[in-house]
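Student: here you go, sequence then predicted model.
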Amino acid sequence: MAMDKINGSPLLRQGILDRFRGAERGAGQAGTNPGAVTDPSTGPAADKADISDAARRLIDLRQAVDTGRRALAELPDVRPEKVAAARERLATGFYNSVEVRDAVAERVAGVIAGIDGL
């Protein structure tokens, strides 16, 4: 059987065709793998995959986010004790104090600075 084209493209290197023909002849021999690349000192070549440190950090971050989402899903949508505390502070004028305004302003500035850093 002659193969001079694969998927309509001519084989540009004769070595590819020769290797295929050699594998075709040796396919009947027991214990041989014609496609395996071998080094006489180590035997058949093995595939290897490495995961980078950045990918490991992303995996850890994803696990932390998933854990946080599960924890948030367990919380009720409305916590009556928090609503009651906010109503009491509103009634007493707590949110109109200078300290609260400064704290809110600092947090908003921090969020804006964080967005600018992106």
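Tutor: Happy to help now that I have it.

Student: for residue 101, give its distance to residue 72.
Tutor: Distance check for residue 101 against residue 72: by Cβ to Cβ, to the nearest Å, it reads 29 Å. The C-beta positions use only the backbone N, C-alpha and C, and glycine is treated the same way.

Student: neighbour count winner among those two?
Tutor: Neighbours around residue 101 and residue 72, counted as other Cβ atoms under 10 Å, are more numerous at residue 101. The numbers are 11 against 8.

Student: which secondary structure elements does the strand or helix carrying the more buried one contact?
Tutor: In this structure, residue 101 sits in helix 98-116 according to DSSP states H and E. Using 3 or more Cβ pairs under 8 Å, 6 or more residues apart in numbering; DSSP states H and E as the contact criterion, helix 98-116 has no neighbours among helices and strands.

Student: buried residues of that helix, list them for me.
Tutor: In terms of neighbour count (16 or more other Cβ atoms under 10 Å), helix 98-116 has no buried residues at all.

Student: average pLDDT for that helix?
Tutor: This predicted structure assigns helix 98-116 an average pLDDT of 92.

Student: what's in contact with it?
Tutor: Helix 98-116 is contacted from outside by residue 94, using Cβ atoms under 8 Å, 6 or more residues apart in numbering.

Student: only alpha carbons, please: show it as PDB.
Tutor: Output for helix 98-116, consisting of C-alpha atoms alone and laid out as PDB, is shown next (Å, rounded to 0.1, in the frame of the first residue of the first chain):
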ATOM      1  CA  VAL A  98     -19.000  63.100  61.900                       C
ATOM      2  CA  GLU A  99     -17.300  59.800  62.800                       C
ATOM      3  CA  VAL A 100     -19.600  57.700  60.700                       C
ATOM      4  CA  ARG A 101     -19.400  60.200  57.700                       C
ATOM      5  CA  ASP A 102     -15.600  60.100  57.800                       C
ATOM      6  CA  ALA A 103     -15.600  56.300  58.000                       C
ATOM      7  CA  VAL A 104     -17.900  56.000  55.000                       C
ATOM      8  CA  ALA A 105     -15.900  58.500  53.100                       C
ATOM      9  CA  GLU A 106     -12.700  56.500  53.800                       C
ATOM     10  CA  ARG A 107     -14.200  53.300  52.600                       C
ATOM     11  CA  VAL A 108     -15.600  54.900  49.400                       C
ATOM     12  CA  ALA A 109     -12.200  56.400  48.700                       C
ATOM     13  CA  GLY A 110     -10.600  53.000  49.200                       C
ATOM     14  CA  VAL A 111     -13.000  51.400  46.800                       C
ATOM     15  CA  ILE A 112     -12.400  54.100  44.200                       C
ATOM     16  CA  ALA A 113      -8.600  53.700  44.600                       C
ATOM     17  CA  GLY A 114      -8.900  50.000  44.200                       C
ATOM     18  CA  ILE A 115     -10.800  50.500  40.900                       C
ATOM     19  CA  ASP A 116      -8.200  52.900  39.700                       C
END
